[in-house]
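J.: predicted structure and sequence below. I'll ask about it afterward.
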Amino acid sequence: MATTKTKTAIISIANLKAEDLTVLRQAFQALPGVGKIDFSVERSVAVIDFDPSQSHIDDFLRAALKAGFQVT
């Protein structure tokens, strides 16, 4: 049985605020293969562990844009 390698995406999001986290978390969790999601409001980033055989970093960028956020 092969173990799946996970990758970590760090997405920089302009003007990230604490009240944005729920919406962003839901947008990212809707994508396949998403594991752990962490945010740093201070650094304006989302850190996402994911299965690269199911999702790609571009999917996360599109999800953030679709949810109304500007990625930098």
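T.: Alright, I've got the coordinates. Numbering: from 1, shown residues only.
J.: quick one: list the elements packing against the helix or strand where Asp59 lies.
T.: Secondary structure assignment for Asp59, by DSSP states H and E: helix 57-66. Packing partners of helix 57-66 (3 or more C-beta pairs under 8 Å, 6 or more residues apart in numbering; DSSP states H and E): strand 7-12, helix 21-29, strand 45-50. Where C-beta positions appear, they are placed from N, C-alpha and C, glycine not excepted.
J.: now that helix against helix 21-29, angle please.
T.: Helix 57-66 and helix 21-29 are oriented at 140 degrees to each other (axes from the mean of the first three to the mean of the last three C-alpha atoms, to 10 degrees).
J.: quick one: buried residues of helix 57-66?
T.: 59-61, 63-64 (16 or more other C-beta atoms under 10 Å).
J.: between these, which is closest to Leu16?
T.: Distance to Leu16, by C-beta to C-beta, is smallest for Ala64 among those, at 9.9 Å.
J.: surely Ile37 touches Gln26?
T.: No - Ile37 is beyond contact range of Gln26, at 10.0 Å (criterion: C-beta atoms under 8 Å).
J.: quick one: contacts for the residue lying closest to Ala67 once chain neighbours are set aside?
T.: Spatial nearest neighbour of Ala67, excluding adjacent residues (C-beta to C-beta, 6 or more residues apart in numbering): Ala27 at 4.2 Å. Shown in contact with Ala27 (C-beta atoms under 8 Å, 6 or more residues apart in numbering): 63-64, 66-67.
J.: from Lys5, how far out is Ala27?
T.: Distance from Ala27 to Lys5, counting by C-beta to C-beta, to the nearest Å: 24 Å.
J.: how about Leu16?
T.: 28 Å.
J.: all set, thanks.
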